[in-house]
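1. Test case, fold it:
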Amino acid sequence: MPIDSSTVPRNRAPRRWPDEPAQGGWYTTAELAAVQEVMAHSRPWRIGWRGAERIRAFEEAFAAKTQTSAAIAFNGGGTALEMLLHALDLKPGDEVISCALNFVGTHLPVIHQGGTLILAEPDPLTLNLDPSDVEHRLTHHTRAIQVTHWNGLAADLRPFLDLAARHPHPVHGPPVVIVDAARACGGTTPAGLPVGAEGWATVFSFETKKLMTTFGQGGMVTTNDPALAERLRRLRTYGMSRHWGTNQQMTKAQAAVGLIQLDRLDEMNRARIAHAHHRTRLLGGTPYLTLPPTLSGGRHLYYRYNLLVPATWAGAGRDALMDVLAEQYGLGSIINDPPTYLSHAYIRAHTQSQACPRAEQLAARLLCPCLHPLISEHEEYEISDAIHQATSHIARTHRPE
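-> Numbering: from 1, shown residues only. Have a look, this model is predicted:
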């Protein structure tokens, strides 16, 4: 099976609206003031840039926000996930089940930490991991179920927690549920809990495109397991002179900005949700397009605005629509994300003959036009009209092979 690493149209003509925003939220004078204060405080050579108290304050605020007992800050979401999987002490043959529709950074650490990645199908409506498919893939080798709140739609974790309880590993007990919330920070799960409160541990990313950012990189793990929290603190700080570890600490400047962004997170998420719901109203009734589900209560944060074209347009028709949007209307879009085994050669090599036909079909129909909370209302009308007009154009011209 060939590897297709493309996630954007082949034509890279200038865009009025980019393929995806370079920053997920936005900064204000409050973030600027926080950075200036940190810089002024850190200038003396006797003080410098060490700042455990600021990082601790950010962690405590994040734990309170997510209603967890511990939050552990890292220099990135990817390194946070890597260390979380390291703490699982995977042995050869240990399996980790994860949805095939995912960012490659969710799957690479599983392989690197010695686990066997088991790919599973997405739910056709939410595009999150499908519990019924997971149940068929559970074995006595399963150590973890990795659930991603994909593109901002909070998954219901209760079915996975129940599956884990009913299928214990013969040595380690129930598989742990690891949650990837890189795209759902500040959301609410169907159980009415903050994203981050359920499961063994939840990983967040503060990379530049995420819903809140800390100077372009940063991450956090939340957990209610005190032993795991302590181990993660050792792992990120050279093992604290007792165990193996490395340096994956967040800076105090990142933490200072993170505190401001965390305080503003609900405001930024409300604006994003309002824009997405407005776009859905404008696109309502547009033939041929399946719009993202409209959920209330912060259960869908619309990190990306997912559209699905008809199955008869899959692949070529979808690509043509993306090209028309870009070339004729200046509207960028992205395929966020194709199955990782089709977009990354290393993952493909380590998953061998695994395939998820439903994931492939859905990915071939998927496109995510640019969405950002700071797009003006007038621009939103233009974008929605462009999507409507371009879709009508493809309906007239596309001939399935």
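2. remind me, longest strand of the chain?
-> Ranked by residue count and defined by DSSP state E, the top strand of the chain is strand 142-148.
3. and that strand, which strands flank it?
-> Looking at strand 142-148 with DSSP bridges, its paired strands and their directions are strand 95-99 (parallel), strand 176-180 (parallel).
4. contacts for that strand?
-> The contact list for strand 142-148, computed with Cβ atoms under 8 Å, 6 or more residues apart in numbering, reads 85, 88, 90, 94-99, 102-103, 106, 110, 115, 118, 128-129, 134, 155, 157, 160, 163-164, 167, 169, 172, 175-180, 182-183, 199-200. (C-beta placed from N, C-alpha, C; glycine too.)
5. distance between it and the chain's centre?
-> Between the mean C-alpha location of strand 142-148 and the chain-wide mean there is a distance of 15 Å, by Cα atoms, centre = their mean, to the nearest Å.
6. Tally up the residues packed near the nearest residue to residue 37 once chain neighbours are set aside, please.
-> On the basis of Cβ to Cβ, 6 or more residues apart in numbering, the spatially nearest residue to residue 37 that is not a chain neighbour turns out to be residue 256, at 7.2 Å. Other residues lying near residue 256 total 26 when counted by other Cβ atoms under 10 Å.
7. and the host helix or strand of residue 256, what other elements does it pack with?
-> Residue 256 belongs to helix 252-283 when elements are defined using DSSP states H and E. Applying 3 or more Cβ pairs under 8 Å, 6 or more residues apart in numbering; DSSP states H and E, we find helix 252-283 packed against helix 29-42, helix 52-66, helix 377-397.
8. Deepest-packed of the ones you listed, please.
-> helix 52-66 (a mean of 18; mean count of other Cβ atoms under 10 Å).
9. just checking, what packs against that one?
-> Packing contacts for helix 52-66, counted by 3+ Cβ pairs under 8 Å, 6+ apart, involve strand 70-74, strand 219-223, helix 252-283.
10. how about a cut-off of 6 Å?
-> Based on contacts counted as 3 or more Cβ pairs under 6 Å, 6 or more residues apart in numbering; DSSP states H and E, the elements that helix 52-66 packs against are strand 70-74, helix 252-283.
11. Of those, which stretch is the most buried?
-> That would be strand 70-74, which, of the helices and strands packed on helix 52-66, has the most neighbours on average (mean count of other Cβ under 10 Å), namely a mean of 25.
12. any idea how far the next helix or strand after it is from the chain center?
-> In the C-terminal direction, the helix or strand that comes right after strand 70-74 (DSSP H and E) is helix 77-87. The gap between the average C-alpha position of helix 77-87 and the chain average comes to 15 Å, counting by Cα atoms, centre = their mean.
13. between helix 77-87 and strand 176-180, how big is the angle?
-> When axes from the mean of the first three to the mean of the last three Cα atoms, to 10 degrees is applied, the directions of helix 77-87 and strand 176-180 differ by 170 degrees.
14. okay if I get the helices and strands packed on helix 52-66 as JSON lines plus distance to residue 144 and mean pLDDT?
-> Shown next, in JSON lines, are the helices and strands packed on helix 52-66 (distance: least, Cβ to Cβ, whole Å; pLDDT from 0 to 100):
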{"stretch": "strand 70-74", "distance to residue 144": "18", "mean pLDDT": "98"}
{"stretch": "helix 252-283", "distance to residue 144": "27", "mean pLDDT": "97"}
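15. Same list (the ones you listed) but as TSV, adding distance to residue 312.
-> Putting the helices and strands packed on helix 52-66 into TSV (distance: least, Cβ to Cβ, whole Å) gives the following:
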stretch	distance to residue 312
strand 70-74	44
helix 252-283	20
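16. Show me the one of the ones you listed that comes nearest residue 347.
-> Closest to residue 347 of these is strand 70-74 (Cβ to Cβ; 22.4 Å).
17. So which elements touch that closest one?
-> Right, strand 70-74 is packed against helix 52-66, strand 219-223, helix 226-235 by 3+ Cβ pairs under 6 Å, 6+ apart.
18. All good on my end, thank you.
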